[in-house]
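> test case, fold it:
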Amino acid sequence: MASRPSDTTGRPQAAQGGEDRLTEFLQGASLNRAIPLRDQIYALVRKAIVTGKLAPGAPINEIEIANKLGISRTPVREAVKKVSDEGLIEVFAQNGTFVAGISRKQVEEAYIIRIALELESIKRAAVVIETHHIQDLEDIINAHETAVKRGRFDEAIARDDDFHRYIAEVNGLAMLWKVVDVSKAQMDRCRLLSLPSPGAGQETIAQHRAILEALAKRDQAGSMKALQTHLETSLRNTISLLDAEPASLLIT
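Residues are numbered from 1 along each chain as shown. Next up is the predicted model:
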């Protein structure tokens, strides 16, 4: 796989229109001063990268972000460090901070973590799940299906996450989902690239329904099998997508 492109200084090539994109994703952003600014800026920057609003190579200027949001640089620096720890941002000494390319290695590692944790989650959920949980999961699937039909792919991914998060919450395992969510940052970038492909959203919804059917029967083995099939299918599709993507989006 090709390394991330760079100029003669070793600095990554900036995505075309990167500065404009940075300005665009900051427009309309409002911060709640009652909760930590660091966490809000982290969520804002992470979402912009994961959804492709900030493409690989786009510059991340902490001073500009602070100025546009009317805050000090400290919470911005802390937020950018947190996003960098997830492998979404690269810092080049003397050259600046930029959105990282998509790492195939990190994508594969995220699936290893996710499969292991979510299999344990659904194994426990199948034993304790109640009728109202099943109904809530049905509502999530229906909302997911509507988002796919209407081409609202950001929303579709959010509802996809809601489905998996809710299964963890059936067991009271909120921390488990937090670990999964942090580890799957690179995976999420691929999801937005693949979802518009014909049939991709429908395949996910069908697999979610298969998972739910097994859960409704309290079929522990069947639930685990359906979930593993779902996540392994997603991994195969993601790897195929990465193999077909231009090298400019990828890092080794």
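> buried set for stretch 158-169?
Judged by neighbour count (16 or more other Cβ atoms under 10 Å), stretch 158-169 contains these buried residues: 159, 160, 161, 162, 163, 164, 165, 166, 167, 168, 169. Where you see a C-beta, it was placed from the backbone N, CA and C, and this is true even at glycine.
> equivalent analysis for stretch 53-67, please.
53, 54, 55, 56, 57, 58, 59, 60, 61, 62, 65, 66.
> how about stretch 91-104?
Neighbour counts over stretch 91-104 (16+ other Cβ under 10 Å) mark 97, 98, 99, 100, 101, 102, 103, 104 as buried.
> so what pLDDT did the nearest residue to the fourth one once chain neighbours are set aside get?
It refers to residue 100. Of all residues not flanking residue 100 in the chain, residue 90 sits nearest, at 4.6 Å (Cβ to Cβ, 6 or more residues apart in numbering). Residue 90 carries a pLDDT score of 91 in this model.
> tally of neighbours for residue 90?
For residue 90, the count of nearby residues is 20 (other Cβ atoms under 10 Å).
> which ones are touching it?
12, 84, 97, 98, 99, 100 (Cβ atoms under 8 Å, 6 or more residues apart in numbering).
> again, but for residue 99
15, 18, 49, 54, 55, 56, 57, 58, 60, 88, 89, 90.
> now the third one: which helix or strand?
Pointing back at residue 49 there. Following DSSP states H and E, one finds residue 49 within helix 37-50.
> ok so, going back, now, which of the buried residues of stretch 158-169 lie within strands?
Applying DSSP state E to those, no entry is found in strands.
> surely residue 98 is within a strand?
Yes. Counting by DSSP: H, G, I helix; E, B strand; the rest coil, residue 98 is part of a strand.
> strands along the stretch 151-252 of the chain, start to end?
250-251 (DSSP state E, counting those that start in this stretch).
> low pLDDT regions in it?
Within the stretch 151-252 of the chain, the stretches with pLDDT under 70 are 195-196, 246-252.
> all helices of it, in order?
Using DSSP state H, counting those that start in this stretch, the helices assigned to the stretch 151-252 of the chain run over residues 153-170, 174-183, 185-194, 200-216, 220-244.
> so how far is residue 78 from the residue nearest to residue 100?
Using Cβ to Cβ, to the nearest Å, residue 90 is found at 17 Å from residue 78.
> ok, back up a step: mind picking the two most distant members of the contacts of residue 90?
Greatest spacing in the contacts of residue 90, by Cβ to Cβ: 12 and 84 (13.8 Å).
> out of those two, which sits in the busier spot?
residue 12 (25 against 16).
> and for residue 70, the neighbour number?
7.
> likewise for residue 128?
The number of residues near residue 128, taken as other Cβ under 10 Å, comes to 11.
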